[in-house]
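Trainee: what follows is a predicted protein model with its sequence.
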Amino acid sequence: MKNRLNNKRILITGSEGFIGSHLVERLLEKNCSIRAMTLYNSFNNWGWLDSLDSKLLSEIDIVPGDIRDSKFVSDCCKNIDTIFHLASLIAIPHSYRSPYSYVDTNIVGTLNLLESALKHNIDSFIHTSTSEVYGESDMVAISESSPVVSRSPYSASKIGADQIAYSYYSTYDLPVSIIRPFNTYGPRQSLRAIIPTIITQALQNKKYIKLGSLYPTRDFCYIDDTVSGFISISESKRSIGEVINIGSGYEISIKDLSNVIMELTNTQSKIISDDKRIRPKKGEVDRLRANINKAKKYISWEPKLKGKRGLRLGLEKTIKWFSKNLKNYKTNIYNT
């Protein structure tokens, strides 16, 4: 595979977040010129970008703003070759309370970026989807051909964003590729995700580890592998006009995952299901496991950390990082 990103001018939305900040670091290694779009706030907080080495930060053009503002977005897309669009509202429980904001950010924000990409003749647009769009699939290992079914306002907004992105490929020939990550985990992830939720409670040796439903299964992919997936998609012309799953191909229940983490942290806590963390009955997705054959075939990608052993190795790395960074998290609050 060719290193098509070397020396390219890159715009990353959501650059201050979990996946986005890791992607920024990896692209800097490829000598890319990075314009990092962050969500404006009066504290001038750049999220996880603030944790990067000052030398790396000096190499990044950081532009605070909001993807819902079409003028701001258009200005950011000037003199750019490739767009990685990761900015999104992602917390499922919060989407129950604020569905309008999810439509506004995830769909309208995506539309603003697509329009600007078209206007400025962008060479490549990588749009970030989510495995949540599959809902409850009939497939054991879910392929990209599986129907999408909304189980929350969040997943509905992402389905809408995916369809808008694809329409710009089919209607205007914009070179759009859609990456569909399953459950990414690793350093810097927020407490709205299950693995940090378990780890932070286990590290504090709490009497009870409070979770939602314990029986759904998920496909967890380590952050380094997910970032490699983003880069592989952007470097492959075969990905244009395609949806590509990125996952480990291995599933584990939340209960079994919790037991592994307790073993690795040497914790004796009791796992309980907390009613306020349980999704609505019709909104739960019981099983998500990625079929990654298309990723192997189209972009020559597969995870380095896979299977039961790969998950344990990834969890060990993640636990080590969280043990040194608990101060950055509000661990006594249920993060929706």
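Mentor: Perfect, I can see it now. Numbers count the residues shown, from 1 in each chain.
Trainee: contacts, neighbours, all on C-alpha from now
Mentor: Fine.
Trainee: so who does Lys276 touch?
Mentor: The contact partners of Lys276, by C-alpha atoms under 8 Å, 6 or more residues apart in numbering, come to Gly212.
Trainee: and the gap between it and Tyr329?
Mentor: Applying C-alpha to C-alpha, to the nearest Å, the value for Lys276 to Tyr329 is 20 Å.
Trainee: all strands for the stretch 201-336 of the chain, in order.
Mentor: 208-211, 217-222, 243-246, 251-253, 270-273 (DSSP state E, counting those that start in this stretch).
Trainee: tell me the strands beside the third one, with direction?
Mentor: Yep, that's strand 243-246 we're talking about. strand 176-181 (parallel) (DSSP bridges).
Trainee: contacts for the partner strand?
Mentor: 124-131, 162, 165-166, 168-169, 226, 230, 233-234, 239-247.
Trainee: one more pass at 6 Å, please.
Mentor: 125-131, 169, 239-246 (C-alpha atoms under 6 Å, 6 or more residues apart in numbering).
Trainee: next: stretch 119-136.
Mentor: 81-86, 148-151, 155, 159, 175-182, 285.
Trainee: just the buried residues of the residues you listed.
Mentor: Neighbour-count burial (16 or more other C-alpha atoms under 10 Å) is assigned, among the contacts of stretch 119-136, to 81-86, 148, 150-151, 155, 159, 175-182, 285.
Trainee: any idea of the pLDDT on Thr184?
Mentor: You'll see Thr184 listed with a pLDDT of 98.
Trainee: bridging residues for Phe84?
Mentor: Beta-bridge partners, per DSSP bridges, of Phe84: Ile12, Ile126.
Trainee: pLDDT score assigned to it?
Mentor: Looking at Phe84, the pLDDT reads 98.
Trainee: same question for Lys2.
Mentor: Lys2 is given a pLDDT of 55.
Trainee: cool, Arg180 as well?
Mentor: pLDDT, read off for Arg180, is 98.
Trainee: and what of Thr267?
Mentor: 93.
Trainee: what does the one 3 residues further on give?
Mentor: The per-residue pLDDT reported for Lys270 equals 92.
Trainee: how close does it get to Leu326?
Mentor: Applying C-alpha to C-alpha to Lys270 and Leu326 gives a distance of 21 Å.
Trainee: again with Glu242
Mentor: Glu242 is 39 Å from Leu326, by C-alpha to C-alpha.
Trainee: more neighbours: which of the two?
Mentor: Shown here are Glu242 and Leu326; by other C-alpha atoms under 10 Å, Glu242 has more neighbours (19 against 14).
Trainee: list the contacts for that one?
Mentor: Ser177.
Trainee: so which of the contacts of strand 176-181 is the most crowded?
Mentor: Going by other C-alpha under 10 Å, Ile246 tops these with 33 neighbours.
Trainee: and stretch 241-255, end to end?
Mentor: 38 Å.
Trainee: now swap in stretch 99-110 and tell me
Mentor: 16 Å.
Trainee: any idea how far that stretch is from the chain center?
Mentor: 16 Å (C-alpha atoms, centre = their mean, to the nearest Å).
Trainee: average model confidence for it?
Mentor: 98.
Trainee: and that stretch, what's buried?
Mentor: Pro99, Ser101, Tyr102, Val103, Asp104, Thr105, Asn106, Ile107, Val108, Gly109, Thr110.
Trainee: show me these that map onto helices.
Mentor: Pro99, Ser101, Tyr102, Gly109, Thr110 (DSSP state H).
Trainee: how near is Ile261 to Tyr250?
Mentor: From Ile261 to Tyr250 the distance is 17 Å (C-alpha to C-alpha).
Trainee: same question, Val103
Mentor: For Val103, the distance to Tyr250 - C-alpha to C-alpha - is 31 Å.
Trainee: okay, now Glu284: neighbour count?
Mentor: Applying other C-alpha under 10 Å, I find that Glu284 has 15 neighbouring residues.
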